[in-house]
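Peer 1: all I have is the shape, not the residue letters:
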């Protein structure tokens, strides 16, 4: 394959060019209630060529090798047109030339598991909640995505890497009269089919939570001191903070660039946030991004001070900051954009019991359930919560929404636990979908949280 890509690349007369070729294979199995509504597999492939010429950069996508010459001409011509209409020419940060092949060692390669075995596993998980009287329905999907990637550039880099993602995820819906409660269930990862095996206990626990929510009272709205669990704190790190660490998000927003200037004190001393896509076996793991840049751990915040940012080669040159290896595409249909890999609030020393003692009275809130951000403000739904009295977890509450401001919340985080957990199923829809976007945290203690409720 590298010979074919090299032959295409040699025809390009430009300052810089690269080509990415991918074979994408996927399997999907879906149950809605007792009904199997989707089962199938697919294999597609295609190319993305990117050209930098005269200060303008353009890309073209094609799926047939016979269309390569046309795609190259289009990319070169568009780069030239873009160059004529830019006030400032595009530059790319310098990176090391890499020649490498990386194929992950998997705990059961999903490509070697029959679709019948996958179907029966998903059916077994789906049947667990449906055995309970007050479970109204389910929506459970098995998804497997394999990207076999080849990358080559005019600088000399040649990289072959596979990304393998498997997951089982969906919702369990409980019903009592007119009251409906939905609970998300998920499992998966990037290191093989074994990540979706032995999930019976997970499905039982999530089913029990859905049934318990039918008996819970709505939370009383107000301002509370709260403990957020790892899932909800991780979503805060990703959604409220992480996107503003992506250089392309703030690039054309002068006020945000000033607020997110490296060296600014943005949070309390207990907050340390990192994006590290190099952690082995984790959902967000990759060795090279889709610009052929080696992934690096990037310290984004240290003791409340902004210390780093996520970059493409272009934005690293524009900002004059270190390259990070965070330019990722959904698949062969897209040129890469800046994405988080594995972002998390780093753990500290406090046990969960110590956080409860420090909290005294307040709320313990678990698991994100939708939400949105608007500038520096955010609103997240939570799956459920518990009233905490005198450091002890008490009655469950439901219908919880959290509203806050990024910078105030960063300063209101007063303690971080020692129990880091990273997400097993990801997903970020910034421009393209990134199913391997991973987030996490330890438990965190936050004061003055605005809770919407009854």
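Peer 2: It's in. None of the values given here were measured: they were computed from a predicted structure. Residues are numbered from 1 along each chain as shown.
Peer 1: burial count for residue 420?
Peer 2: 17 (other C-beta atoms under 10 Å). (Glycine included, C-beta is placed from N, CA and C.)
Peer 1: now do the contacts for it.
Peer 2: 230, 344, 346, 347, 440, 441, 442 (C-beta atoms under 8 Å, 6 or more residues apart in numbering).
Peer 1: repeat that with 6 Å
Peer 2: 347, 442 (C-beta atoms under 6 Å, 6 or more residues apart in numbering).
Peer 1: what's the pLDDT at it?
Peer 2: pLDDT for residue 420: 98.
Peer 1: next: residue 20.
Peer 2: The predicted local confidence for residue 20 is 98.
Peer 1: isn't it right up against residue 151?
Peer 2: Yes: assessed by C-beta atoms under 6 Å, residue 20 is found in contact with residue 151 at 5.1 Å.
Peer 1: from what I see, residue 169 and residue 187 are in contact.
Peer 2: No: applying C-beta under 6 Å as the test, residue 169 and residue 187 come out as separate, 7.4 Å apart.
Peer 1: skipping its backbone neighbours, what lies nearest residue 251 in space?
Peer 2: residue 315 (6.4 Å; C-beta to C-beta, 6 or more residues apart in numbering).
Peer 1: scratch that, residue 366
Peer 2: residue 229 (4.4 Å).
Peer 1: that neighbour: neighbouring residues, count only.
Peer 2: The number of residues near residue 229, taken as other C-beta under 10 Å, comes to 24.
Peer 1: what does residue 100 give?
Peer 2: The burial count for residue 100: 14, using other C-beta under 10 Å.
Peer 1: what residues of stretch 328-341 count as buried?
Peer 2: 328-332, 334-341 (16 or more other C-beta atoms under 10 Å).
Peer 1: same thing with stretch 155-169?
Peer 2: 157-169.
Peer 1: what does stretch 72-85 give?
Peer 2: Result for stretch 72-85 [16+ other C-beta under 10 Å]: buried residues 72, 74, 75, 76, 78, 79, 80, 82, 83.
Peer 1: how does this protein divide into domains?
Peer 2: 2-215, 218-452 (automatic domain parsing).
Peer 1: any idea how far residue 13 is from residue 153?
Peer 2: According to C-beta to C-beta, to the nearest Å, residue 153 and residue 13 sit 15 Å apart.
Peer 1: which one of these two has more residues nearby?
Peer 2: residue 153 (21 against 10).
Peer 1: quick check: chain neighbours aside, which residue is closest to the more buried one?
Peer 2: residue 18 is the one closest to residue 153 (C-beta to C-beta, 6+ apart), at 3.9 Å.
Peer 1: does that neighbour sit in a helix, a strand or a coil?
Peer 2: Applying DSSP: H, G, I helix; E, B strand; the rest coil to residue 18 yields a three-state assignment of strand.
Peer 1: same check, this time on residue 129
Peer 2: helix.
Peer 1: show me the contacts for it.
Peer 2: 135, 138, 172, 207.
Peer 1: got a pLDDT number for it?
Peer 2: pLDDT at residue 129 comes out at 98.
Peer 1: could you measure from residue 412 over to residue 450?
Peer 2: From residue 412 to residue 450 the distance is 11 Å (C-beta to C-beta).
Peer 1: which one of these two has more residues nearby?
Peer 2: For residue 412 versus residue 450, neighbours defined as other C-beta under 10 Å are more numerous around residue 412 (19 against 16).
Peer 1: gap between that one and residue 114?
Peer 2: Distance, residue 412 to residue 114, using C-beta to C-beta: 51 Å.
Peer 1: and the residue nearest to the spatial centre of the chain, how far from residue 221?
Peer 2: Nearest to the mean C-alpha position of the chain, counting by C-alpha atoms, centre = their mean, stands residue 437 at 1.9 Å. From residue 437 across to residue 221, the span is 31 Å (C-beta to C-beta).
Peer 1: repeat for residue 415
Peer 2: Residue 415 is 24 Å from residue 221, by C-beta to C-beta.
Peer 1: who's more crowded, those two?
Peer 2: residue 415 (20 against 14).
Peer 1: downstream of the helix or strand harbouring that one, the next helix or strand is which one?
Peer 2: Using DSSP states H and E, residue 415 sits in strand 413-416. Moving toward the C-terminus from strand 413-416, the next helix or strand (DSSP H and E) is strand 421-422.
Peer 1: still on that earlier bit, now for the buried residues of stretch 328-341: which two are most distant?
Peer 2: 332 and 340 (21.1 Å; C-beta to C-beta).
Peer 1: if I read this right, the residue nearest to the centre of the chain contacts residue 423, doesn't it?
Peer 2: No: contact criterion C-beta under 6 Å: residue 437 and residue 423 do not qualify, at 8.6 Å.
Peer 1: who touches the helix or strand containing the residue nearest to residue 251?
Peer 2: Using DSSP H and E, residue 315 maps to helix 313-319. Applying C-beta under 6 Å, 6+ apart, the contact partners of helix 313-319 are 90, 91, 92, 93, 247, 248, 291, 323.
Peer 1: what is the nearest of the residues you listed to residue 408?
Peer 2: Of the contacts of helix 313-319, the one sitting nearest to residue 408 (C-beta to C-beta) turns out to be residue 247, at 23.9 Å.
Peer 1: hang on, the earlier thing: who's the residue nearest to residue 153 bridged to?
Peer 2: residue 50, residue 153 (DSSP bridges).
Peer 1: which ones are touching residue 216?
Peer 2: Taking C-beta under 6 Å, 6+ apart as the test, what residue 216 contacts is 396, 397, 398.
Peer 1: pretty sure the last one contacts residue 212?
Peer 2: It refers to residue 398. No: using C-beta under 6 Å, residue 398 is not in contact with residue 212; the gap is 9.2 Å.
Peer 1: so between these two, which is more surrounded?
Peer 2: residue 398 (20 against 15).
Peer 1: ok, that one - contacts?
Peer 2: 213, 216, 218, 384.
Peer 1: how much space separates it from residue 228?
Peer 2: 16 Å.
Peer 1: what about residue 185, neighbour count?
Peer 2: Residues near residue 185, counting by other C-beta under 10 Å: 24.
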